[in-house]
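K.L.:
need coordinates for the below:
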Amino acid sequence: MKNQFLDTSLFDRAVMFATMAHAGTERRCKGYPYIIHPLEAAAIVATMTADQDILAAAVLHDTIEDTTATAEDLEREFGKRIAALVVAETDDKCAPDGTPLGWHERKQRDIDHLAAAPQDVKMVALGDKLSNMRAIARDYAVKGDELWSMFHAKDKATHAWRYRALRDALSSLQGTAAFSEFDHLVRQVFG
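P.N.:
Okay, the predicted model is just below:
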């Protein structure tokens, strides 16, 4: 049997970029390096596709939102498609006119955008959201309703609304193991 090698050079560069961009940061209240989350998101996306651009975008998905990296940096380093995928997953806290938006308005805008998004954007989003939902489910099992106090939105019903709406927006990915797990965890935590 012949060894077959997958060209992961693009993904490897994305991992290094994301690792450097998130260096020294901690996942909120977790006590471990932030980069664990983007790596988990990429691992989830890898269950849906081997497309190196989508995998790279998954590991880079929080760089614009949470680091000093810009869309221009990503386009220069990784090209237009990857930069566009990351921008599509970035939580912009302002309306197009620059007016700051509240949490609920931002999340509704993101849900609406995601519902109409192409499959590659949805895969990156599902990687991120399933990673988040796994953490929520683990923490909820230990802390119960005390968990919600660590979030900006402190009401469980608000999180239930958001994650159920995200599940609906991502429903075109039904039939994937990632979507099935996401659906299961949303039901487990929120009923």
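K.L.:
in the strand or helix carrying Glu105, what's buried?
P.N.:
Assigned by DSSP states H and E, Glu105 belongs to helix 103-115. Judged by neighbour count (16 or more other C-beta atoms under 10 Å), helix 103-115 contains these buried residues: 106-107, 110-111, 114. (C-beta placed from N, C-alpha, C; glycine too.)
K.L.:
export these as JSON lines, with columns for pLDDT and distance to Glu75.
P.N.:
JSON lines is the format used below for these (pLDDT from 0 to 100; distance: C-beta to C-beta, whole Å):
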{"residue": "Arg106", "pLDDT": "93", "distance to Glu75": "24"}
{"residue": "Lys107", "pLDDT": "94", "distance to Glu75": "26"}
{"residue": "Asp110", "pLDDT": "94", "distance to Glu75": "21"}
{"residue": "Ile111", "pLDDT": "97", "distance to Glu75": "26"}
{"residue": "Leu114", "pLDDT": "96", "distance to Glu75": "22"}
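K.L.:
closest to Ala46 among the residues you listed?
P.N.:
The nearest member of the buried residues of helix 103-115 to Ala46, counting by C-beta to C-beta, is Leu114 at 20.1 Å.
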